[in-house]
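Novice: Let me see the structure of the following:
(one chain, ligands or ions: 1)
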Amino acid sequence: MSQRHKEARFNFKLRTNMTPQQIMEMFDDYADDYEEEALTKGSRAHEIVGDFLANTYPESDRSSVKVLDVGAGTGFVGMKLKALGFTYVDALDPAQKMLDVAKTKNVYRHLICAFMDKNRVEEIETDFYDCVTATAAFNEGLIPCNAFPQLIRILKPGGRIVFTVPQMHVDNAVEYRGRLIPLIDKMAAGGVWEVTAIPLADGQLSNCLGPGFLYSLKVNVSEKYFEI
Ligand SMILES: C[S@@+](CC[C@H](N)C(=O)[O-])C[C@H]1O[C@@H](n2cnc3c(N)ncnc32)[C@H](O)[C@@H]1O
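Specialist: Numbering: from 1, shown residues only. Modelled structure (predicted):
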């Protein structure tokens, strides 16, 4: 791991020239320190997403709601969801060492080491999950816009993609600038999903990421492939 890639943990601009493989290696190398640093920065996207799911799914239904936590990292979302009564939660992340930490939490049923991108993750069946979550995983160099067709594929019709994204990444991340929000709006206009967008004030996601949004995309279709 070069010094430059180590600095890219905190300096998002340094990620713009990194390949997905290099991003994955950066997180593998980050696994032992990630939680302490995330807590120091006051990361709380997992709390926001967990609370949203708790408001969406009545307590009596939660044990049967199948959730995939994409970009699960060391398992913050899984821990929050377990505390809320969600017991069917899987994790997906390309960084095996992050997943190794997540596994020690005993909150995920199944851990899948894979990228979420335009490629099909063969071990996930079509129309399988009720909900996909992603926290701190829509940022520079991480989940690409062309992952949405696969997210739609693995969700049941009526399922939800629930994620947070800081406004600074909507505005500046190479992958999202001028693309992410137009894509969300275009698919909404085409009836692919219904959008709930909840503004988050500075400090709600963490101490340093500024304001942002929680998006919930309620998907109306089974499979939908589109060029992005
Ligand atoms: C900043 S961590 C967030 C972890 C956790 N969700 C949290 O809130 O603490 C981002 C995670 O996304 C993973 N990641 C990177 N690219 C990804 C991709 N294309 N698909 C899924 N996960 C990805 C990284 O390996 C890393 O573990």
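Novice: now the strand ranked longest in the chain, how far from the centre of its chain.
Specialist: Counting by DSSP state E, the longest strand found in the chain is strand 155-166. In terms of C-alpha atoms, centre = their mean, to the nearest Å, the centre of strand 155-166 is set 9 Å apart from its chain centre.
Novice: Tell me the strands beside that strand, with direction?
Specialist: Strand pairing for strand 155-166, determined by DSSP bridges: strand 129-134 (parallel), strand 212-219 (antiparallel).
Novice: The chain: strands as residue ranges?
Specialist: Using DSSP E, strands in the chain cover 67-70, 89-93, 111-113, 129-134, 155-166, 193-200, 212-219.
Novice: of those, which approaches residue 102 most closely?
Specialist: The closest of those to residue 102 is strand 89-93. By C-beta to C-beta, the value is 5.4 Å. C-betas here are computed from N, CA, C, even on glycine.
Novice: what angle do the closest one and strand 129-134 make?
Specialist: Relative orientation of strand 89-93 versus strand 129-134 (axes from the mean of the first three to the mean of the last three C-alpha atoms, to 10 degrees): 50 degrees.
Novice: Please enumerate the helices of this structure.
Specialist: 3-7, 20-30, 34-40, 45-56, 76-83, 96-103, 148-154, 167-172, 180-189 (DSSP state H).
Novice: Helix or strand with the lowest mean pLDDT in the chain?
Specialist: Each helix and strand of the chain was given a mean pLDDT (mean pLDDT, DSSP states H and E); the minimum falls on helix 3-7 at a mean of 70.
Novice: which residue sits closest to the residue nearest the centre of the chain, ignoring its sequence neighbours?
Specialist: Geometric centre of the chain, nearest residue: residue 134, 1.8 Å, by C-alpha atoms, centre = their mean. Closest residue to residue 134 apart from its sequence neighbours, by C-beta to C-beta, 6 or more residues apart in numbering: residue 163 at 4.0 Å.
Novice: got the contact list for that neighbour?
Specialist: For residue 163, the contacting residues are 49, 132-135, 137-138, 214-215, by C-beta atoms under 8 Å, 6 or more residues apart in numbering.
Novice: try residue 146
Specialist: Listed by C-beta under 8 Å, 6+ apart, the contact partners of residue 146 are 117-118, 228.
Novice: change it to 6 Å
Specialist: Each residue near residue 146 by C-beta atoms under 6 Å, 6 or more residues apart in numbering is listed here: 118, 228.
Novice: Pull up the gap between it and the ligand, please.
Specialist: Counting by C-beta to the nearest ligand atom, to the nearest Å, the separation of residue 146 from the ligand is 10 Å.
Novice: Now do that residue, the pLDDT please.
Specialist: Listed pLDDT for residue 146 reads 96.
Novice: Residue 72 - how many residues pack around it?
Specialist: As a burial measure, residue 72 scores 29 neighbours (other C-beta atoms under 10 Å).
Novice: can I assume it is in contact with residue 93?
Specialist: Yes - in this structure residue 72 lies within contact range of residue 93 using C-beta atoms under 6 Å: 4.8 Å.
Novice: what's the spacing between the residue in the chain positioned nearest to the ligand and residue 188?
Specialist: Scanning the chain for the residue nearest the ligand gives residue 73, at 2.5 Å (criterion: C-beta to the nearest ligand atom). Distance, residue 73 to residue 188, by C-beta to C-beta, to the nearest Å: 28 Å.
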